[in-house]
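S.K.: Need coordinates for the following:
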Amino acid sequence: MLFVAILIVLLNFKSVKSPYPLSFVAFLLFWILLIVRISYDSTRQDIDVGNTFMTWVYIFGICIPTVFSLMVSIKVIDFEKAFWWILIMTGVTFAFIILKNNALFGLDAGISGRHQGNAAVSTISFGHFGATALILSVYALYYKNTTFLSKLALLAIILIGLFFVLRAGSRGPLLALVVVFIFLYFARFRRLFESLVAVSIALFILSLSTNLIVEAIGTISPLLEARLIASFEESGFGSRDRYYAEAIDLFLKSPAWGSQYLINFGDGSAPDYAHNILLDSLMATGILGTILLLYFLSIGLMKSNYLLKKNHPEGWLALLLVQQIVFNMTSGAFYLNPTLSALLVVILLNYRNSRYLSQRQ
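M.R.: Reported below is the predicted structural model:
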């Protein structure tokens, strides 16, 4: 019945005078399915989901308020000011981290481990924080009018951001940077064949110097060097293989609706998510929820591509969306990532078609 009801809404949505595009409705429906699934699993006796308090804090204390606040205020947000304030506060945060976290620059045995910005920021989030700063700074250098001193400050943020990405010791932020800049390249150059040839040649050249690049990374983060070597030499996804296999099994138990939102390994370890947004969706919401997810993510990426092709002043939002999608493809969970939801709201609502987009330029 739920499937039929949702199908009817989607098929008849265009005939209803709604201020929201279909992709955004799919986004909201996906959130509803997730909340229903988590609520139901929290009452079940046959599975262990642990303490869900922090999950609800993220959902109703951060994610949902962010979604609805952007919904009602999106028309009055000055995204140009937002861009510069985000970049300025990133620089200030960098300064505090550098001053307070001496371990980041230690040359002792501690350099071999994974590092975080502070007690409140995990290693992966720390790496993505550095990646975000780098992306915004590169965007400002190429697409914003800046003074000479501003350019020097941006270059400093780029170098520090890259340093943070490497010291975090996680492969996800590094992969996100590569995907973001490839996405930007394809969006900016309209000749697809020539772009493919250029990227292929660049990747071939990089493959020839892989050892040198990995060794250079190792001078900053030996752990990341070891993890990259393992990725190149071993098949599969390393420790993630176990998560992915369990997630697929849970999906196959109930393909239409999913079976549960967390994995129970049965070895005494805490229940965990799949560390992949698609597998998380499949095991929690089944085919129905995953169709909704793929729909609004694909629309978000299509609009992001259009923003960059048209050299739109808010193209930086597109790059951050790509980064956050890669983030949740390699780690974390959709319902624990308010940044991804915020970016989706802005892009799905603010850039509905090419006519409206041209008016925003």
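S.K.: okay but residue 165 is in contact with residue 134, surely?
M.R.: Yes - Residue 165 lies in contact with residue 134 (Cβ atoms under 8 Å); the separation is 7.0 Å. Every residue, glycine included, has its C-beta placed from N, CA and C.
S.K.: Mutual contacts of these two, please.
M.R.: Common contact partners of residue 165 and residue 134 (Cβ atoms under 8 Å, 6 or more residues apart in numbering): residue 177.
S.K.: Low-confidence ranges, the chain, go.
M.R.: 1-18, 101-122, 190-193, 232-238, 352-361 (pLDDT under 70).
S.K.: repeat that with 80
M.R.: In the predicted model, the chain carries pLDDT under 80 at residues 1-19, 97-125, 169, 188-199, 202-211, 213-239, 266-268, 351-361.
S.K.: now the strands for it?
M.R.: All residues of the chain lie outside strands when identified by DSSP state E.
S.K.: so who does the most centrally placed residue in it touch?
M.R.: Nearest to the mean C-alpha position of the chain, counting by Cα atoms, centre = their mean, stands residue 324 at 1.3 Å. By Cβ under 8 Å, 6+ apart, the contact set of residue 324 is 337, 339-340, 343.
S.K.: and the longest helix for the protein?
M.R.: helix 277-309 (DSSP state H).
S.K.: And this protein, split by domain according to the record?
M.R.: Per automatic domain parsing, the structural domains of the chain span 1-12+19-75+246-308+334-361, 77-234.
S.K.: Compile the ones you listed into a markdown table and extend it with columns for mean neighbour count.
M.R.: Formatted as a markdown table, these follow (neighbours: other Cβ atoms under 10 Å):
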| stretch | mean neighbour count |
| --- | --- |
| domain 1-12+19-75+246-308+334-361 | 17 |
| domain 77-234 | 16 |
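S.K.: do you know which of the ones you listed lies nearest residue 319?
M.R.: domain 77-234 (5.2 Å; Cβ to Cβ).
S.K.: wait, what's in contact with residue 75?
M.R.: Applying Cβ under 8 Å, 6+ apart, no residues contact residue 75.
S.K.: Dump stretch 297-308 to PDB, restricted to CA.
M.R.: What follows is stretch 297-308, C-alpha atoms only, in PDB (Å, rounded to 0.1, in the frame of the first residue of the first chain):
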ATOM      1  CA  LEU A 297      21.100  12.600  -6.400                       C
ATOM      2  CA  SER A 298      21.200  12.300 -10.200                       C
ATOM      3  CA  ILE A 299      19.100  15.500 -10.500                       C
ATOM      4  CA  GLY A 300      21.400  17.200  -8.000                       C
ATOM      5  CA  LEU A 301      24.500  16.200 -10.000                       C
ATOM      6  CA  MET A 302      22.900  17.300 -13.300                       C
ATOM      7  CA  LYS A 303      22.100  20.700 -11.900                       C
ATOM      8  CA  SER A 304      25.600  20.900 -10.500                       C
ATOM      9  CA  ASN A 305      27.100  20.200 -13.900                       C
ATOM     10  CA  TYR A 306      24.900  22.900 -15.400                       C
ATOM     11  CA  LEU A 307      26.000  25.400 -12.700                       C
ATOM     12  CA  LEU A 308      29.600  24.800 -13.600                       C
END
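S.K.: what comes into contact with that stretch?
M.R.: By Cβ under 8 Å, 6+ apart, stretch 297-308 touches 23, 183-184, 186-188, 314-315, 317-319, 321-322, 325, 343-344, 347-348, 351, 354, 357.
S.K.: try stretch 176-191
M.R.: 128, 131, 134-135, 138, 165, 192, 195, 198-199, 304-305, 308-309, 318-319, 322-323, 326-327, 330.
S.K.: among those, which are in helices?
M.R.: Counting by DSSP H, those contribute 128, 131, 134-135, 138, 165, 192, 195, 198-199, 304-305, 308-309, 318-319, 322-323, 326-327, 330 to helices.
S.K.: Please report how far residue 282 lies from residue 222.
M.R.: 36 Å (Cβ to Cβ, to the nearest Å).
S.K.: What of residue 252?
M.R.: 39 Å.
S.K.: do residue 39 as well
M.R.: 44 Å.
S.K.: just residue 273 next, same as before
M.R.: 28 Å.
S.K.: just residue 326 next, same as before
M.R.: 24 Å.
S.K.: Over to residue 175?
M.R.: Distance of residue 175 to residue 222, computed by Cβ to Cβ: 19 Å.
S.K.: Would you map the helices across the stretch 151-300 of the chain?
M.R.: With DSSP state H, counting those that start in this stretch as the criterion, the stretch 151-300 of the chain has helices at 171-188, 192-208, 210-218, 222-233, 240-253, 277-309.
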